[in-house]
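Colleague: Provide a 3D model corresponding to the input given below.
(chains A and B)
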Amino acid sequence: MNTRPDRAVDPFVVEVIRNALTAIAEEMSLIVMRSARSPLLREAGDLSSALTDADGRLIAQGRDIPAHLGVMGSTAQEFLKRVPAQRLQPGDVWYMNLPEAGGNHLPDVKAIRPIFVEGRIEAYAVSLAHWADIGGAKPGSYVPDARDAWQEGLRIPPLRVFTQNGPDREKLDMILANVRGAEEREGDILAQMASTFAADAGVREVFSRYGAPVVREAIADLHKQSEAEMRAAIRTLPNGIYAGEDWLDDDGLGGEPIAVRVRIEIRDDEAIFDFSRSADAAAGPLNATPFTTSASVFYAMKVIAGPDIQPNAGCARPLTIITREGSLLQPPADKPVVGGNHETSQRIVDAIFKAFEDVIPTRLTAGSSTTSGLLLFSGRDPRTGQWTTLYEVHGGGEGARHDRDGMCAVRPHMSNVMNTPAEVIEANYPIMIEGQALRRGSGGKGVHRGGDGQVRTYYINGPEVFLTTMVERKVIAPYGLRGGEAGKTFAITLKRAGGETQDIKGKTHIRLQQGDRIIMKTSGGGGYGAPTNE
Amino acid sequence: MRNDSSTWKVGIDIGGTFTDVLAIDTVGGEIRTAKVRSQTQDPVASVVSAFEAIGVGWPTVSDLMHGTTMATNAVVEDNLAPVALVSTQGFRDTIEIGRQNRRELYLLHVTPKLPPLVPEHRRVEVVERIGPEGQVLKPLAQDEACRVAALIDELNVDAVAIALQQCFVNAEHEKALAEQISKTLEYIALSHEMSPEPREFERTNTTILNAALMPLTAGYLDKLQAGAGTGTNVHLFHSAGGMASVQAVKKRPLALALSGPAAGVAATGKVCTHFKLDNAIGFDMGGTTTDTCVVINGNVQVGSNQRLAGRPVRQLMVAVESIGAGGGSIARTEGPAVRVGPVSAGARPGPACYGLGGTLPTVTDANMTLGYLNTERRLGGAIRLNRELAETAIETLADSLGRSVHETALGVYRVANASMARALRRVTVERGIDARTCSLVAFGGAGPMHAVALAREFGIAKVVVPKFSSVFSALGCLTAELSYAEQHTVRMPSTDWDGERLATLCRSMRDRLSGPILAAGRDAGAIDTRFIALIRYTGQSDTVEVPFDLPCDPAKLGADFMAQHKILYGFATEEAWHFETLRLTVSAPSETDLVDLDEARGDISTSPISLDECWFDARGPVATRRFERSALPIDWRVQGPAVIEDDWSTIVLPPDAVAWMDTSGHLLIEPGTDS
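Modeller: Okay, here's the model as predicted:
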């Protein structure tokens, strides 16, 4: 009989504690969604929640946005490198958003709370929320032609905003004075605080129930479990060295396509992802932090080899991720990064998929509409006199698979943010939606076809509205797999009230007027297998 | 004709596997109850066989109140009538685009979205447009309405759903189209009636589902009424937790979406009222699913944003959280970890101990191995449980873990409780409720077996296993009030208060909803109206429920909102707020009270029916007395370790727990603590 002497804690107790901690992380996200103010949080759910151990290592995370997964695993650790644990007090909630410190881009602000049990820090609660504005040169804090990090908005180093006596008003006001929509933002900050408050109570309950030694052992065990699951997942891949690359359209400043390259080495139960040969840091905001890169690697490993792997620090152990300093995926701290979070992160997944094309094709999907397709409209609503900002992302075709066609109009891979209903847009913004339809025939041909993109027509119903775009797949189309054809590229057309039309760039900022129309066509998915001639 | 011999009031819940029935003779006071197999192909036959089981017939039944999974099953099994959809020009693909999010984050082989409910060739666009303030931007021409009606006619469908943009602010175009189409088609669902709220994808789906259920439901109800004749009043249990007339359900069959679970929830509410419990969690654990719900101050919690078989449904329904775990859930190792579910052995082959061919270890097998279930008793008089088969199944798991069989069974029991605990957390946390302030009302086949352990997990101080716990939904039907509920978008900021507008809306909704109750012959004085304001701060999307009375005092409403917000989220600010939505429930109380219903009692005895070895912790088995529930004397205290059982369910009392039956037949339990 196998007695497993290495297991100090009953495996059932470990499972019970895992359930309890995951429930706490899920509860945190629920609280942010229900009490936050920005539509981006409450309607679209662009947020994540996590619990870490006393060393900042991830223990549990809710069912959140994949792009945040790897990031949350580093946030608390990077925080602790900058703020020694001795400085932390019960009731503290610290806020930070520095991309180079366990971050991804400035709008994703993290609230961190140390959780004390009997005078000792046992865990941290981390609440990440995408603020609809973090200041900077343009409303919505997307600056498509940004050349440095400061143009992108307010940079918040670890900052104690709440103590057990409540908010530190001066610090809160300092933040609010530097972002647009102060009232809405204050509501979001409170929502993040409230979620960490609930986590604090929940975690202390778990510790008092099972006792600190048992919970600590259980957490160590969970890390071991995930590590074992990841090793088992890697073993399902054949040993070897595989290379793949995909391209970003441009850097936002009119440059050429930018390469994301990966060299993957599978050695039994370990994997090395080497991105050193990717392009140098971009001049514009398409750079991605190493934390974003690890989120993409983790996502890819989950979908191709181990969908049930529990996200925690253990599963990172068998993975070695190499990025080159000064490159697109490890940029200097002064470089802009806002688009890297949801554009470059997707291209990393694409490069990994292409590396595996000849190895495990049946586990992959062909190229999908891997871009947020972000249109940011802002302007004063003539009905209310209020300044409004609509942050709208657009799904496109999903790539086909070996056994089925791709789905139409969907968000693939690293994101899963929803659209805003036309009726909600029309009631809250000086915009009418004239139609939302499938972009028929936009999916690539193949034995199985790529999914179709969609077409949405925005009619400007106010005297002055500004549009920022952050869109990829306008130049480089979603690829086909195993001979399947590529999907159609993204297209944005401006039709002026006077009738003239013009093509709108994927990363730009323009002024619109009453009667103008924006016709947005999202990219189709790639096909799978060479199409037969009909 | 109703005659003097029509004296039986009958509550029936037709479930997927069993049909439960509970009836009372309003003259003699006699109670009869039974459980029969459901006849899924013919629900009317289920009603008839339930009647036969308790020895009544249509002529002797004055009132039939019933819940049914018919509509739910039709949606889940995609057994829906072909429907045409009419959309505003430019929007026929809305149901295919959806909210563009995918169902599974990490499973690439799963199609990201469900296929649309109406295929492309049956989606018709109409030239018209209403603006966000209700202004007509593009009128609906008469010949356009005729063109659309003709197209629909050619499609040869059974029903049509009409869902136009912004129709909830101005419904004129939907009504005009309906008038035209109704000349050739009977079944028409209008989106402004189904869900008078923004969000076109969700509203359209709700409307299509309703249209698709209309022919099926009408067929069933016509057949049922033909059987009932004029002598029996037929009412159906609707998803918001009350009874509705046949006429109302024909128009809105989607109201039956959660008919069955809602009846269990309503019965939980009755138990709360009976015991004057402020808050309670209903816990219905069956073989493959577990339904949980929350009752606050005797009020069943309802919500309007739910899903049915993965499809969004926007209508008021009891807030039931279902998880795919129950007695049949299979325990397995996954690498070094232990998981219970989501795979279930279902009813066939079922748990290993059923002896129907199942060999995988289930939660029920763990309960069997721990000695809780009685091998001498046939489950529902039919299935004999086999302890050896259970232990063999658990042993395979035990071997792979290097643990003893009993340690492993205890572990499976605990992990099953942990996933139940997660479901309970969801219903409580989502509403900002501290589970420790709730009582646990346990019913269903497996609920009472896990209730005490679960209560300990949460620090819940009181467990109730109500009388009729195995036909609890039928009890809910029998004791339910006639009620209708609806909500309407108001969108009134506190800074721009229009009390007159609100009062007019309240009155007109109350009058409309009271109509069917008055038509059922109930007295206007007996009608109870509840007004609930759904309020939020500017910019929030989720609202807080705040009850109020007419005339509505905005200052009090604001103060109540802030107090509730503070409870829910730990903070409240003094800023302006929005009265977003008005929810109104009108009801007339049931003529049958819970206290009038007494369960049949056997010979009263304090002697156990057997003495068994049961495991409650890894230290070893304890001698455990087993009691017949119907034999327990009133107020006599059973000290754990003990097991109390009837034909359908088993109540486990670990050491330290104490149970007693109250005067009305409910079993009350103080869970005690883990030793």
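Colleague: can you list the residues of the stretch 1-150 of chain A near chain B?
Modeller: Applying CB under 8 Å from any CB of the partner chain, we find that the stretch 1-150 of chain A lies next to chain B at A:1-4, A:7, A:10-16, A:18-20, A:22-23, A:26-27, A:30-31, A:33-39, A:42-43, A:63, A:66. Just so you know, the C-beta spots here come from the backbone N, C-alpha and C atoms, and that holds for glycine as well.
Colleague: which residue does chain B have closest to chain A?
Modeller: In chain B, the residue that lies nearest chain A is B:Gly90 (2.7 Å; CB to the nearest CB).
Colleague: can you tell me the element the nearest residue to that residue once chain neighbours are set aside falls in?
Modeller: The spatially closest residue to B:Gly90, leaving aside those adjacent along the chain, is A:Gly435, at 2.7 Å (CB to CB, 6 or more residues apart in numbering or on different chains). Taking DSSP states H and E as the definition, A:Gly435 sits inside strand A:431-439.
Colleague: so what strands line up beside that strand?
Modeller: strand A:453-460 (antiparallel) (DSSP bridges).
Colleague: which residue ranges of the stretch 301-450 of chain B form strands?
Modeller: In the stretch 301-450 of chain B, the segments counted as strands under DSSP state E, counting those that start in this stretch are B:302-303, B:306-308, B:311-313, B:317-318, B:321-323, B:329-334, B:337-344, B:378-379, B:383-384, B:439-443.
Colleague: confidence-wise, which of those strands is weakest overall?
Modeller: Here the lowest mean pLDDT among the strands of the stretch 301-450 of chain B goes to strand B:378-379, at a mean of 66.
Colleague: contacts only, for residue 288.
Modeller: The chain I'm using is chain A. A:Asn104, A:Leu328, A:Leu329, A:Pro331, A:Val337, A:Gly340, A:Asn341, A:Thr344, A:Ser345, A:Ile348 (CB atoms under 8 Å, 6 or more residues apart in numbering or on different chains).
Colleague: switch to chain B, that's the one I care about
Modeller: B:Gly324, B:Gly326, B:Gly328, B:Ser329, B:Ser344, B:Gly346, B:Ala347.
Colleague: not counting sequence-adjacent ones, nearest residue to it?
Modeller: B:Ser344 (4.6 Å).
Colleague: any idea how far the residue in the stretch 1-150 of chain A that chain B sits nearest to lies from B:Thr333?
Modeller: Here the residue of the stretch 1-150 of chain A nearest chain B is A:Phe12; by CB to the nearest CB that distance is 3.2 Å. Counting by CB to CB, to the nearest Å, the gap from A:Phe12 to B:Thr333 is 11 Å.
Colleague: by mean pLDDT, point me to the weakest helix or strand of the chain.
Modeller: All of this refers to chain A. helix A:39-42 (a mean of 77; mean pLDDT, DSSP states H and E).
Colleague: chain B is the one I meant
Modeller: strand B:378-379 (a mean of 66).
Colleague: how about the contacts made by the closest residue to chain B within chain A?
Modeller: Sorted by distance to chain B under CB to the nearest CB, the residues of chain A start with A:Gly435, at 2.7 Å. The contact partners of A:Gly435, by CB under 8 Å, 6+ apart, come to A:Val455, A:Arg456, A:Thr457, B:Gln89, B:Gly90, B:Phe91.
Colleague: the last one reaches B:Gln165, doesn't it?
Modeller: Yes - at 6.0 Å, B:Phe91 and B:Gln165 qualify as touching, with contact defined as CB atoms under 8 Å.
Colleague: find the residue ranges of chain A scoring beneath the pLDDT cut-off.
Modeller: A:1-8, A:63, A:533-534 (pLDDT under 70).
Colleague: returning to that earlier point: for the residue nearest to B:Gly90, give the beta-bridge partners.
Modeller: Bridge pairing for A:Gly435 - DSSP bridges - gives A:Thr457.
Colleague: torsion angles phi and psi at A:Val161?
Modeller: phi -100, psi -30 (degrees, to the nearest 10).
Colleague: for it, what are its contacts?
Modeller: Residues near A:Val161 by CB under 8 Å, 6+ apart: A:Val93, A:Trp94, A:Tyr95, A:Ala111, A:Pro167, A:Asp168, A:Lys171, A:Leu172, A:Ile175, A:Ile189, A:Met193.
Colleague: quick one: the third one is in a helix?
Modeller: So the one you mean is A:Tyr95. No - assessed with DSSP: H, G, I helix; E, B strand; the rest coil, A:Tyr95 is strand; it does not lie in a helix.
Colleague: is the residue lying closest to A:Lys505 once chain neighbours are set aside in a helix, a strand, or coil?
Modeller: Spatially, and ignoring its direct neighbours in sequence, A:Lys505 is nearest to A:Thr469 (6.8 Å; CB to CB, 6+ apart). Counting by three-state DSSP, the backbone at A:Thr469 sits in strand.
Colleague: burial of A:Thr469, as a residue count?
Modeller: 23 (other CB atoms under 10 Å in any protein chain shown).
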